[in-house]
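In: I would like the atomic coordinates for the input below:
(one chain, ligands or ions: 1)
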Amino acid sequence: MIPMVDLKKQFNDIKDELFHTITEVLESSQYILGPKVQELERQVARYHGVSEAIGVASGTDALHLAVEALGIGEGDEVITTPFTFFATAEAIMYTGAVPVFVDVCPDTMNIDPAKIEEKITERTKAILPVHIFGHPADMEKILAIARKHDLRVIEDCAQSFGAAIGGKRTGAFGDAGCFSFYPSKNLGAFGDAGMVLLNDPSVAFRIKMLRNHGSQGAYRHESVGFNSRLDELQAAVLLVKMKRIDDYNGRRRRNASLYNRLLTDAVTHPVERAGYTHVYHQYTVRSARRDEIQKRLKENGVSSVVYYPIPLHLQEAVSCLGCTKGDFPAAEEAAQQVLSLPMYPELEEDAIRRIADLVNNG
Ligand SMILES: Cc1ncc(COP(=O)(O)O)c(C=O)c1O
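Out: Below you'll find the model as predicted:
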């Protein structure tokens with residue numbers, strides 16, 4: 001069997017260090033918002049060249065608290081992509097705001113900046129691009145539109161830790177960068193965890209309050225907030241992996257190059273635009289014969305996953321938005337053609353060769 005992700009290999013490689021740091025936390029008895037969370041916030045902020053980082057309970061919460069702290073709520077509109085994980089739209093809707101979808105670029109499957117302006121109304125408050133699969137969205141064009149129309153930009157970096165454009169990392173472009181440390185992400189905890197990055201200290205202050213019941217501490221509550229703290233054990237695990245993140249991403253990129261070399265035109269390969277650094281959270285190919293390829297892989301013990309079979313505008317949960325089939329043709333076509341192949345830093349060359357043979361020889 002070749003799995004999509006093998007978290008056990010990574011765990012075995014760093015087991016001793018993990019046990020050491022976990023024991024440290026257990027002996028300290030400081031489980032919530034302790035020194036490891038602060039150290040992780042400091043390191044992730046420095047890695048991205050931003051001044052503020054706030055650890056929260058998940059990537060979904062990172063998005064939700066960022067949208068809320070930027071003053072977006074009831075009746076406001078947030079422009080985003082229909083080709084993403086559902087949490088992107090959920091986080092907008094938690095605040096009472098409405099997600100307004102814009103179709104994607106057929107090559108990267110990220111929001112198409114050329115189609116954003118036609119969706120801007122007097123209620124639009126923000127653009128929320130997702131760096132899908134680890135390839136950055138076109139931030140230069142998105143930021144130019146945002147500046148022109150005085151909109152905030154919130155980046156969904158759940159899949160793009162370490163990805164960059166011209167050396168500048170995703171999460172450092174917009175008004176807030178929102179990260180998920182879900183276990184299978186490029187930087188993954190041993191449970192749920194997330195983080196918001198930004199440069200505005202007043203918005204950072206609001207997010208810190210929101211993650212902690214609207215309080216600065218000492219049982220004074222200035223607003224109604226949430227319980228959304230990144231816990232100390234997860235921060236300790238993440239600090240061990242943070243030291244290795246460039247190596248992990250480098251290995252993902254090497255695995256992607258090998259796939260690119262071995263796969264024929266039986267499938268469309270993922271693109272990496274010039275000047276962009278893709279971190280291959282997923283290695284996603286496309287084919288009109290996707291289901292056939294997936295069946296062949298499965299029969300031969302190779303996992304593969306369709307991220308995502310139904311674009312958000314066609315999800316039952318958001319039928320209230322009134323979208324219909326045909327509204328976003330590029331996202332709909334992607335949903336019918338995409339197939340993500342096994343991808344993780346420890347994936348071996350022999351496995352990639354076997355997978356490529358199975359994909360090529362249909
Ligand atoms: C694009 C995207 N946005 C948001 C999330 C939500 O993150 P989390 O699972 O940490 O809440 C995820 C991942 O799960 C994701 O892939």
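
In: how does the protein divide into domains?
Out: 7-102+112-242, 245-360 (automatic domain parsing).

In: what's the closest of those to M1?
Out: domain 245-360 (4.7 Å; C-beta to C-beta). C-beta: built from backbone N, CA, C; applies to glycine.

In: that older thread, most tightly surrounded among the domains of the chain?
Out: Compared across these, domain 7-102+112-242 shows the largest average neighbour count, a mean of 20 (mean count of other C-beta atoms under 10 Å).

In: gap between the two ends of that one?
Out: Terminal residues of domain 7-102+112-242 lie 15 Å apart, using C-alpha to C-alpha, to the nearest Å.

In: distance from that domain to the middle of the chain?
Out: 9 Å (C-alpha atoms, centre = their mean, to the nearest Å).

In: skip the chain neighbours and tell me the closest residue to R290.
Out: Of all residues not flanking R290 in the chain, L339 sits nearest, at 5.0 Å (C-beta to C-beta, 6 or more residues apart in numbering).

In: mean confidence score for whichever strand or helix holds the one you found?
Out: Using DSSP states H and E, L339 sits within strand 338-341. In this model, strand 338-341 has an average pLDDT of 98.

In: ditto for stretch 217-236
Out: For stretch 217-236, the mean confidence score works out to 95.

In: so what's the closest residue to Y47 other than its chain neighbours up against?
Out: Counting by C-beta to C-beta, 6+ apart, Y47 lies nearest to R169, which is 7.2 Å off, once chain neighbours are set aside. Contacts were defined as C-beta atoms under 8 Å, 6 or more residues apart in numbering; by that measure R169 touches Y47, H48, G49, G162, A163.

In: same thing with D246?
Out: Residues in contact with D246 (C-beta under 8 Å, 6+ apart) are G162.

In: now it: how far from Y182?
Out: Relative to Y182, D246 is positioned 20 Å away (criterion: C-beta to C-beta, to the nearest Å).

In: again, but for H221
Out: 29 Å.

In: check E346 too.
Out: For E346 relative to Y182 (C-beta to C-beta), the value is 18 Å.

In: swap in L239?
Out: Taken as C-beta to C-beta, the span from L239 to Y182 is 17 Å.

In: return the residues of this protein in contact with the ligand.
Out: 58-60, 84-85, 87-88, 130, 156, 158-159, 180, 182, 192, 194 (C-beta under 6 Å from any ligand atom).

In: again, 8 Å this time
Out: 58-63, 84-85, 87-88, 91, 130, 132, 156, 158-159, 178, 180-182, 185, 192-194, 281 (C-beta under 8 Å from any ligand atom).

In: looking at the residues you listed, which are in helices?
Out: Among the residues of the chain next to the ligand, the ones falling in helices (DSSP state H) are G59, T60, D61, A62, L63, A87, T88, A91.

In: coming back round to it: what is the strand holding L339 packed up against?
Out: Judged by 3 or more C-beta pairs under 8 Å, 6 or more residues apart in numbering; DSSP states H and E, the packing partners of strand 338-341 are strand 283-286, helix 290-299.

In: and of the ones you listed, who's closest to V100?
Out: The nearest among those, by C-beta to C-beta, is strand 283-286 at 25.1 Å.

In: for the record, mean pLDDT for the closest one?
Out: Rounded mean pLDDT across strand 283-286 is 98.

In: run the chain-centre distance for stretch 319-327.
Out: 24 Å.

In: same check on stretch 301-319?
Out: 16 Å.
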